[in-house]
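> Turn this into a structure:
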Amino acid sequence: MPLWLEVVLRTLLVIIVLLFYTRLLGKKQISQLTYFEYVTGITIGNLAGYATLEDSMHWMIPILAITVWVAVSLGVDYLLLKSKIIRNVVEGKGTVLIKDGKILEDNLKKERYSADELLYQLRQKNAFRAADVEFAVLESSGELSVLLKPEHQPLTPAKLGLKVPNTPEPQTVIMDGKIMDEPLATAGLSRAWLHTELEKIGVAVENVFLAQVDGYGQLYVDLYDDQLKVPAPSNLSLLWAVLKKCAADLELFALSTQNDNAKQMYEQAAKTLNEHLERLRPYLARS
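Reported below is the predicted structural model:
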């Protein structure tokens, strides 16, 4: 067999083997690496290079070595799930670098972390002052986890005592100008509905690069032509406005009527509608 053909075949075989083993090892191997995963990745890469280009040894030897490394890695992963002591030895433990807004210089030296590196990592977490940080931990993966002091944390609905509904998963119903039936069916919608919505904004399917439907049935469209502007969905806003007008009309009727029974009925209806509107506010008053 010609040498060039042997190299091509070896390379293709190694690619297939590495893809298979990488899938077997899972997503951790391509995320932030621990010490052991870092060593495993380098070693498997070197062995793959030998399997591809080294013609002085049988091609199965590096493949066998890769298999052993993968088996050991899977065994270690199993042990890591079972023992915290082994996790601490293999993966290491997080190191506190900032506590109560105070930088722990001894821990910085221990991790050979400079002040510039710390400030850079803090800026990556949108913390531009070390004094604003309540707690910062250098994880075993090398990632810096940052907790801002309460007064510097973003304002959330929970802090305001508001209950916000879970956002349903949006469905991509058009991609590259083609309708995708499965996501459309998942959203409980039909092609007829989709065509009707596109007609409302004057857009043809073939001109749509991407279209998504949110959990509330609103269609968001992105066109191939970036110069064209598509009207923003307004169904929820219109419904909210109509319901608010109904509540206001009921209150007005209550003030206008001279009949005590009718007045009481209108006032009760307005109160009930306003109570429901407060519950629906997170769903409808979104734009």
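> what ranges do the strands span in the stretch 51-200 of the chain?
Using DSSP state E, counting those that start in this stretch, the strands of the stretch 51-200 of the chain run over 95-99, 102-103, 133-138, 144-148, 171-175, 178-179.
> any low-confidence regions in the stretch 101-250 of the chain?
By pLDDT under 70, the weakly predicted segments of the stretch 101-250 of the chain are 157, 160, 162, 164-165, 231-239.
> Of the strands of the stretch 51-200 of the chain, which is nearest I63?
strand 133-138 (37.2 Å; C-beta to C-beta). Where you see a C-beta, it was placed from the backbone N, CA and C, and this is true even at glycine.
> Against which helices or strands is that closest one packed?
Under the contact definition 3 or more C-beta pairs under 8 Å, 6 or more residues apart in numbering; DSSP states H and E, strand 133-138 sits against strand 95-99, helix 115-124, strand 144-148.
> what packs against the longest one?
Pointing back at helix 115-124 there. Using 3+ C-beta pairs under 8 Å, 6+ apart, helix 115-124 sits against strand 133-138, strand 144-148.
> now the end-to-end length of stretch 256-263.
8 Å (C-alpha to C-alpha, to the nearest Å).
> Other residues contacting that stretch?
For stretch 256-263, the surrounding residues in contact (C-beta atoms under 8 Å, 6 or more residues apart in numbering) are F253, A254, Y266.
> phi, psi of E169?
phi -70, psi 130 (degrees, to the nearest 10).
> so how far is L280 from it?
21 Å (C-beta to C-beta, to the nearest Å).
> Looking at these two, which is more packed in?
Under the criterion of other C-beta atoms under 10 Å, the comparison of E169 against L280 puts L280 first, with 15 against 10.
> residues contacting the more buried one?
If you count contacts by C-beta under 8 Å, 6+ apart, then L280 has W240, L243 around it.
> Could you tell me whether it really is in a helix?
Yes. Checked against DSSP: H, G, I helix; E, B strand; the rest coil, L280 lies within a helix.
> quick one on the thing from earlier: output the strands of the stretch 51-200 of the chain as CSV; include the columns mean neighbour count and distance to G215.
As requested, the strands of the stretch 51-200 of the chain are exported to CSV (neighbours: other C-beta atoms under 10 Å; distance: least, C-beta to C-beta, whole Å):
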stretch, mean neighbour count, distance to G215
strand 95-99, 18, 39
strand 102-103, 13, 44
strand 133-138, 20, 35
strand 144-148, 17, 31
strand 171-175, 20, 9
strand 178-179, 12, 19
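> Export those as a markdown table, with columns for distance to M60.
Formatted as a markdown table, the strands of the stretch 51-200 of the chain follow (distance: least, C-beta to C-beta, whole Å):
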| stretch | distance to M60 |
| --- | --- |
| strand 95-99 | 43 |
| strand 102-103 | 53 |
| strand 133-138 | 42 |
| strand 144-148 | 43 |
| strand 171-175 | 43 |
| strand 178-179 | 45 |
